[in-house]
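Colleague: coordinates only, sequence not included:
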C-alpha cells in the first residue's frame, strides 16, 4: 500500500526548483498576456479622470452601440440556445441519416473566418446579390442593418451551446430517458424533468460562452454593418472608430465594457466549471 501511495505521489512531487520554474513561467505569461493588457485598458480609460470616462460612456453613439450590442445578443443567444439543445438531443439520443453532416455543420463556424462568413451574407443579401432585387422590391433591408448583424452573430456563435452539450449528453447515455418513457412520461415531461436537470450546468456554460462571443464579435459584424454611426455599430465597431479618430480615452472607456464582460465571463466560467466538475452536482 505504501509503495502504491508513493508511486501515485511521485509524478507531482518533483524537485522544488522544477515546480518553481513551472509556476513562475505560468505567472509571467499570464501577467504579460492578460494582466498587463487588462490593466492598460483601465489605465487609459481613466487617464483623464472618472468624469471623462463617464462622459465617454454616455455619449450618443456609445449609448447606441451598447444598446445595439445588447439587442443583438438578446436575439442571437436564445436562438442558439434553442438550436443547441435540439441539435444535441437529436445527435445524442437518435440515429438518423446525415447525423455526421449535422455535426460537421455545427463545427463549420470554427473553421471559417468570421470575415468570410460576413462576406457570404453580403453576397447573399446585398444590393447586387441573388436576393438583392427581391429584397429591394419588398423594402427588406438585411445587410447594413440590424437583421444582418443578428444573422452574422448567430452564425459565429451557434456551435458553443451544442458543443458543450453533445459530449455531456453522450456521457450520460439514454438510460434515464428510457426509464421515464417506460413510466409513461410525455415528451415535455421527459425534457423538463429528466433531460434538462441533467444538462443544466453544461447548458449555462455554453450560454455564457455564446453570450461573450456575441457581444465581442468583430469580424463578421464589421463586414455586414456598414459602420453607420448610431445605427449599425456594435461596441467593438464603435471602439475601432474611436481609436481610428485618435480619441483614445473614449475608445478605451468603451472597450472597458468588453473587458469587464470578459472578466465576469472568466469568473462565472470558473464557478460553473467547479460546480459542473463536482460529481454530486452533475445532475
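Modeller: The structure has been received and is ready for your questions. Fair warning: this is a prediction, and the values are worked out from it, not measured in the lab.

Colleague: Of all residues in this structure, which one is nearest the centre?
Modeller: residue 210 (2.6 Å; C-alpha atoms, centre = their mean).

Colleague: ok, and the helix or strand in this structure with the lowest average confidence?
Modeller: helix 2-13 (a mean of 48; mean pLDDT, DSSP states H and E).

Colleague: What is the subsequent helix or strand relative to that one?
Modeller: The C-terminal neighbour of helix 2-13 among helices and strands, as given by DSSP states H and E, is helix 16-30.

Colleague: So for that next one, what gets flagged as buried?
Modeller: Using 16 or more other C-beta atoms under 10 Å as the test for burial, helix 16-30 gives no buried residues. Any C-beta I mention is one placed from the backbone N, CA and C, and that applies to glycine too.

Colleague: Toward the C-terminus from that helix, list the very next helix or strand.
Modeller: By DSSP H and E, the next helix or strand past helix 16-30 is helix 36-45.

Colleague: helices or strands up against that following helix?
Modeller: Applying 3 or more C-beta pairs under 8 Å, 6 or more residues apart in numbering; DSSP states H and E, one finds that helix 36-45 contacts helix 248-277.

Colleague: remind me which residues of the stretch 1-150 of the chain are low pLDDT?
Modeller: By pLDDT under 70, the weakly predicted segments of the stretch 1-150 of the chain are 1-14.

Colleague: could you say what helices and strands the helix or strand that contains residue 116 packs with?
Modeller: Here residue 116 sits within helix 114-125, counting by DSSP H and E. The contact analysis (3+ C-beta pairs under 8 Å, 6+ apart) places helix 114-125 against helix 146-157, helix 219-225.

Colleague: can you list the residues that contact that helix?
Modeller: Under the criterion C-beta atoms under 8 Å, 6 or more residues apart in numbering, residues 109, 129-132, 135, 142-143, 148, 151-152, 155-156, 217-224 lie in contact with helix 114-125.

Colleague: what is the orientation angle of it with helix 146-157?
Modeller: For helix 114-125 against helix 146-157, the angle by axes from the mean of the first three to the mean of the last three C-alpha atoms, to 10 degrees is 140 degrees.

Colleague: related to what we said a few turns ago, just put the helices and strands packed on helix 114-125 in CSV and tack on mean neighbour count and distance to residue 63.
Modeller: What follows is those, written out as CSV (neighbours: other C-beta atoms under 10 Å; distance: least, C-beta to C-beta, whole Å):
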stretch, mean neighbour count, distance to residue 63
helix 146-157, 23, 16
helix 219-225, 23, 17
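
Colleague: what's the closest of the ones you listed to residue 253?
Modeller: Using C-beta to C-beta as the measure, helix 219-225 is the one of those that comes nearest residue 253, at 20.4 Å.

Colleague: After that closest one, which helix or strand is next? Please name it.
Modeller: For helix 219-225, the following helix or strand on the C-terminal side (DSSP H and E) is helix 235-244.
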